[in-house]
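1. any chance you can model this:
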Amino acid sequence: RQRITLETLEKYSEVITSELKYITVNGESYHWYDTSFLEKIDRKIELLIVDGPPRIINKNARYPALPILKDHFSDNIIILVDDGKRKDDLDTVKRWIDELDYFESEFIATEKGAYILRKK
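-> Numbers count the residues shown, from 1 in each chain. Model (predicted):
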């Protein structure tokens, strides 16, 4: 939030926080963010950074992000997934691509690895 203010990006971005709770997505249980934050989304998401929850929470902990948020994506959404060298995150990216069928991914060789997903 401080960096957003420092760079004067307040009118272009918003940080939304949410508590972790158990939710069901596509018939599977995940410890993920309370989805009540969806009510706060009042414009299309153009950039989504997926950097949580941590793997220690549950297997493929970041998977719910796209199934839950996909209806809020802009036509030009860019999704950045951190920790791309971890098997769980690689599996999650592959699953998103298979299930949604309109994303392509690019791996970036950062320290922990990252994926950039864009609509085809």
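2. which strands and helices sit next to the lengthiest strand in the chain?
-> Longest strand in the chain by number of residues, with DSSP state E as the criterion: strand 73-82. Here strand 73-82 touches strand 45-50, helix 87-100, strand 114-119, going by 3 or more CB pairs under 8 Å, 6 or more residues apart in numbering; DSSP states H and E. For glycine as for every other residue, the C-beta is placed from the backbone atoms N, C-alpha and C.
3. please save the CA atoms from the helix or strand just after the longest one in CSV.
-> Sequence-wise, the next helix or strand beyond helix 87-100 is strand 103-108, with elements assigned using DSSP states H and E. Output for strand 103-108, consisting of C-alpha atoms alone and laid out as CSV, is shown next (Å, rounded to 0.1, in the frame of the first residue of the first chain):
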residue,chain,number,x,y,z
PHE,A,103,-4.8,-18.8,-21.3
GLU,A,104,-1.3,-19.3,-22.4
SER,A,105,1.7,-19.2,-20.0
GLU,A,106,5.3,-18.1,-20.1
PHE,A,107,7.8,-19.2,-17.5
ILE,A,108,10.2,-16.5,-16.2
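4. pretty sure residue 30 sits against residue 65.
-> No: contact between residue 30 and residue 65 fails when scored by CB atoms under 8 Å: they sit 10.1 Å apart.
5. circling back: tell me which of the helices and strands packed on strand 73-82 lies nearest to residue 59.
-> helix 87-100 (6.2 Å; CB to CB).
6. just the residues contacting the closest one, thanks.
-> Contacts of helix 87-100 with the rest of the structure, by CB atoms under 8 Å, 6 or more residues apart in numbering, involve 55, 59-63, 66-67, 70, 81-84, 103-105, 113, 115, 117.
7. gap between residue 59 and residue 100?
-> The spacing between residue 59 and residue 100, counted by CB to CB, to the nearest Å, is 20 Å.
8. repeat that for residue 120.
-> Per CB to CB, residue 120 is found 10 Å from residue 100.
9. tell me which of the two has more neighbours.
-> residue 100 (14 against 7; other CB atoms under 10 Å).
10. shaky segments in the protein?
-> Applying pLDDT under 70 to the chain flags no residue at all.
11. with distance to residue 7 as extra columns, can I get the helices and strands packed on strand 73-82 in a markdown table?
-> Formatted as a markdown table, those follow (distance: least, CB to CB, whole Å):
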| stretch | distance to residue 7 |
| --- | --- |
| strand 45-50 | 14 |
| helix 87-100 | 27 |
| strand 114-119 | 21 |
